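*Asks:* quick check, what structure comes out for this input:
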Amino acid sequence: MKAILQINAVIEILAGFVLLFNPQLLLYNANPELQGIAVAKLYGICAFCFGLITHIVSKQFVYNLMFKRIILVVITFHFVVALYFFSLYNQSITPHPGAAILHASLAGIFILIYLKNMQKFSL
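*Replies:* Numbers count the residues shown, from 1 in each chain. Below is the predicted model:
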C-alpha cells in the first residue's frame, strides 16, 4: 500500500514540474491560449503539491482508517482525471488519449494493489 503513495508522489511531482515549465503539454496544443497556459500551470502547481503531500504521508504509512481513506482518494483522483481527459479527447480538445490512458492505468494498478492488501487495514 505504501507503494501506491510513493508511485503517486513520483508521478505527480514530475508531472507538476513538467507542467510548470511546459504548460502546453497538458492538452498537447501547439498554440495554447493564455488562459490555457495559466490553468495548466495552476494544475502543475497542484499536481506538484499533491505529489509532495503523498510523499510526506508515505513516510508515516500504517494500516489504519486514515491511510485507507487517503489511498482511496488517490485511486479516485486518478479514475476521475482519466474520465475527464477521455471526455476532452472525445470532444477533440486534446489530440490523443494519452493522459486518460495514463490515469486509468494508474487507477487500475492502484485498485489491484488495494484489493490485494485491503484486509490488512484495521478498522
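*Asks:* when you work out contacts or count neighbours from here on, use the C-alpha atoms and nothing else.
*Replies:* Fine.
*Asks:* all helices of this protein, in order?
*Replies:* Secondary structure of the chain (DSSP state H): helices located at 2-21, 34-58, 65-90, 98-117.
*Asks:* any chance of those helices in CSV, plus mean neighbour count and distance to Leu27?
*Replies:* Output for those, formatted as CSV (neighbours: other CA atoms under 10 Å; distance: least, CA to CA, whole Å):
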stretch, mean neighbour count, distance to Leu27
helix 2-21, 19, 10
helix 34-58, 18, 9
helix 65-90, 17, 9
helix 98-117, 17, 9
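*Asks:* which residues of this protein score low on pLDDT?
*Replies:* For the chain, residues meeting the criterion pLDDT under 70 lie at 123.
*Asks:* and with 80 instead?
*Replies:* 29-32, 122-123 (pLDDT under 80).
*Asks:* still on that earlier bit, quick one: closest of the helices of the chain to Tyr28.
*Replies:* helix 98-117 (9.8 Å; CA to CA).
*Asks:* so which elements touch the closest one?
*Replies:* Other helices and strands packing on helix 98-117, by 3 or more CA pairs under 8 Å, 6 or more residues apart in numbering; DSSP states H and E, are helix 65-90.
*Asks:* can you give me the angle the helix it packs on makes with helix 98-117?
*Replies:* 150 degrees (axes from the mean of the first three to the mean of the last three CA atoms, to 10 degrees).
*Asks:* helix 65-90 vs helix 34-58, what angle?
*Replies:* Using the same axes, to 10 degrees, the inter-axis angle of helix 65-90 relative to helix 34-58 is 160 degrees.
*Asks:* output the contacting helices and strands for helix 65-90.
*Replies:* Counting by 3+ CA pairs under 8 Å, 6+ apart, helix 65-90 packs on helix 2-21, helix 98-117.
*Asks:* centroid-nearest residue for the protein?
*Replies:* With distances taken as CA atoms, centre = their mean, His78 lies nearest the centre of the chain, 4.9 Å away.
*Asks:* want to throw the helices and strands packed on helix 65-90 into a markdown table with distance to Leu88?
*Replies:* Below are the helices and strands packed on helix 65-90 laid out as a markdown table (distance: least, CA to CA, whole Å):
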| stretch | distance to Leu88 |
| --- | --- |
| helix 2-21 | 18 |
| helix 98-117 | 9 |
